[in-house]
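>>> all I have is the shape, not the residue letters:
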């Protein structure tokens, strides 16, 4: 099970979360977010992350040039698109940045949202399903209707996001079977300030499930 902790803003917390067992860290590259970090600050975070831990930049309707520059400056290994990016945009980005993984995030409002995903299957490496909020792109603390995802079996890996925390992660993962989870607000004291005890508790819950 892949475990991505998103919204990292502090280098020491990023390094500690990697040591706790996260497989990926998410860095928010959208200026409108309270968890936004500049490309230069991303570089200070990623410098302290061990090799093998994915460093995913999260963008919302950014330009190709902005994404490419941030990937280089921030030493990112992956890009997560969390806006209205089209399949054609994803394909162009893949061609311009072939060295990074490409994830496309969807804010799932209803089962009908799932029907919009197939055009992306051939142009991204993974999907991320987040909770819908009318004004926020992510980090809302809201959960999806997990029951709607019980028959969701796309031909590529997918990650579950949306309001996950140490108290509900076991329930979610006994209902559905994603390739990984993406957690942000559920392990925070405030936006961008991670609670390492909560991160540890979440990872321990996932490990217990994987052994059962």
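Right, received. Where do you want to start? Computed from a predicted model, the values in this text were never measured in an experiment. Numbers count the residues shown, from 1 in each chain.

>>> number of residues surrounding residue 105?
If you count neighbours by other Cβ atoms under 10 Å, residue 105 ends up with 24. Any C-beta I mention is one placed from the backbone N, CA and C, and that applies to glycine too.

>>> tell me the pLDDT at it?
Each residue has a pLDDT score; the one for residue 105 is 97.

>>> wasn't it part of a strand?
Yes - secondary structure assignment places residue 105 in a strand (DSSP: H, G, I helix; E, B strand; the rest coil).

>>> who does it form a beta bridge with?
Under the criterion DSSP bridges, residue 105 forms beta bridges with residue 128.

>>> got the contact list for it?
The neighbours of residue 105, taking Cβ atoms under 8 Å, 6 or more residues apart in numbering as the test, are 58, 80-82, 127-130, 138, 161.

>>> what residue is smack in the middle of this protein?
residue 182 (4.8 Å; Cα atoms, centre = their mean).

>>> enumerate the beta-bridge partners assigned to that residue.
On DSSP bridges, the residues paired with residue 182 through beta bridges are residue 4.

>>> name the element residue 199 belongs to?
In this structure, residue 199 sits in helix 196-211 according to DSSP states H and E.

>>> residues of that helix that come out buried?
Neighbour-count burial for helix 196-211 flags 198-203, 205-206 (criterion: 16 or more other Cβ atoms under 10 Å).

>>> and that helix, what does it pack onto?
Contacts defined by 3 or more Cβ pairs under 8 Å, 6 or more residues apart in numbering; DSSP states H and E place helix 196-211 against strand 2-6, helix 11-20, helix 169-175.

>>> quick one: the longest one to chain centroid distance?
The reference is to helix 11-20. Between the mean C-alpha location of helix 11-20 and the chain-wide mean there is a distance of 16 Å, by Cα atoms, centre = their mean, to the nearest Å.

>>> just the shortest one next, same as before
The chain centroid and the centroid of strand 2-6 are separated by 6 Å, computed with Cα atoms, centre = their mean.

>>> for the record, mean pLDDT for it?
For strand 2-6, mean pLDDT is 98.

>>> which outside residues touch the helix holding residue 199?
1, 3, 5, 13, 16-17, 20-22, 164-166, 169-170, 173-174, 181, 183, 186-188.

>>> of these, keep whichever come out buried.
Of the members of those, the ones counted as buried by neighbours, 16+ other Cβ under 10 Å, are 3, 5, 13, 16-17, 20-22, 164-166, 169, 173, 181, 183, 186-188.

>>> what's the burial count for residue 172?
Residues contacting residue 172 under the criterion other Cβ under 10 Å number 20.
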